[in-house]
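K.L.:
need a structure here:
(one chain, ligands or ions: 2)
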Amino acid sequence: MSKAGLFISFEGPDGSGKSTQISYLKEFFEEKGLDCVFTREPGGTEIGEKLRDVILDTHNYEMCDMTEALLYAASRAQHVSQVIQPALDEGKIVVCDRYVDSSVAYQGYGRQLGGDVVSAINDHAIMGCLPDVTFLIEIDPKDGKKRIKSSERDRLESEKLWFHKRVYKGYLEMAEKYPERIIVIDGTGSREEMRDEILGHVSRILKERGIL
Ligand SMILES: Nc1ncnc2c1ncn2[C@@H]1O[C@H](COP(=O)(O)OP(=O)(O)OP(=O)(O)O)[C@@H](O)[C@H]1O
Ligand SMILES: [Mg+2]
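P.N.:
Ligands and ions are numbered 1, 2, ... in the order given. So this is what the prediction gives:
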């Protein structure tokens with residue numbers, strides 16, 4: 001599949017600051033008048049949002065791990081074909097709050113289905129549509145968790161700390177495996193320090209691609 005635009009994803013533990021940084025990036029792109037699409041996973045399409053509700057519903061405690069992995073992949077397949085790939089084909093910038101690395105980290109490492117198994121499932125869902133750059137916000141999951149109110153936690157966020165530690169280990173292993181794609185950002189800095197670092201990278205990439 002051809003890819004003309006620029007695809008950026010944000011990854012990291014719950015409460016690491018992904019949504020906060022994405023809103024800064026949105027302001028930046030709007031200021032520059034760039035054509036962008038902001039989206040999130042699970043969800044991002046009408047069908048995907050329905051799947052998101054099933055995945056994250058705290059009542060669905062019976063869900064087996066493979067069902068969870070396949071539902072995430074199903075939501076992603078819809079998202080890629082309906083939103084992400086068409087936008088990239090039109091030359092737009094796509095910013096996605098969580099993408100395939102989340103599945104590898106949460107289902108592959110957190111649920112222990114295996115990173116390779118979850119990657120293989122997702123290969124069919126994404127059809128080669130990988131981000132050009134992924135910002136991985138590095139923060140101890142314990143500290144990220146403290147930032148989210150317990151009443152607002154979904155089924156995955158409510159998991160035990162050891163689950164989130166395995167997820168985190170998965171993220172760090174992926175950062176080592178794909179250094180050309182994944183940029184690690186220190187999540188313990190202030191919101192502004194993180195913003196400046198991310199915008200520095202984005203400006204450089206936009207210049208390299210002749211977009212800015
Ligand atoms: N650098 C920071 N320092 C301290 N608090 C922060 C920082 N960045 C974000 N926060 C706060 O932490 C909370 C979680 O941030 P945010 O929603 O951006 O995280 P997230 O990674 O999107 O979380 P989730 O995975 O739950 O969607 C928010 O209340 C936010 O204001
Ligand atoms: Mg968020």
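K.L.:
Just give the closest residue to the spatially most central residue of the chain, not the sequence neighbours.
P.N.:
In the chain, the C-alpha nearest the mean C-alpha coordinate belongs to residue 98, at 1.4 Å (Cα atoms, centre = their mean). Counting by Cβ to Cβ, 6 or more residues apart in numbering, residue 41 is the residue found nearest to residue 98 once chain neighbours are left out, at 4.5 Å. Every residue, glycine included, has its C-beta placed from N, CA and C.
K.L.:
Repeat that for residue 5.
P.N.:
residue 88 (4.1 Å).
K.L.:
about what we covered before: doesn't residue 13 make contact with the residue nearest to the centre of the chain?
P.N.:
No - Residue 98 lies out of contact with residue 13 (Cβ atoms under 8 Å); the separation is 11.1 Å.
K.L.:
Report the buried residues of stretch 194-209.
P.N.:
194-195, 197-198, 202, 205-206 (16 or more other Cβ atoms under 10 Å).
K.L.:
neighbours around residue 22, how many?
P.N.:
19 (other Cβ atoms under 10 Å).
K.L.:
That one sits in which helix or strand?
P.N.:
helix 18-32 (DSSP states H and E).
K.L.:
close to ligand 1, is that helix?
P.N.:
Yes - under the criterion of Cβ under 6 Å from any ligand atom, ligand 1 is reached by helix 18-32 at 18-20.
K.L.:
Tell me the most packed of the residues you listed, by neighbour count.
P.N.:
In those, the most neighbours by other Cβ under 10 Å go to residue 18, 23 neighbours.
K.L.:
returning to that earlier point: what sits against the residue nearest to the centre of the chain?
P.N.:
With contact taken as Cβ atoms under 8 Å, 6 or more residues apart in numbering, residue 98 is in contact with 9-11, 18, 40-42.
K.L.:
Just confirm residue 122 contacts residue 102, I think it does.
P.N.:
No - between residue 122 and residue 102 there is no contact under Cβ under 8 Å: 10.1 Å.
K.L.:
Between the two, which has more neighbouring residues?
P.N.:
Neighbour count, other Cβ under 10 Å: between residue 122 and residue 102, residue 102 has more, with 26 against 22.
K.L.:
And the more buried one, which helix or strand is it part of?
P.N.:
helix 100-103.
K.L.:
Tell me the first helix or strand C-terminal of that helix.
P.N.:
Criterion used, DSSP H and E; the element after helix 100-103 is helix 115-126.
K.L.:
Can you name the residue of the protein nearest ligand 2?
P.N.:
residue 19 (3.3 Å; Cβ to the ion).
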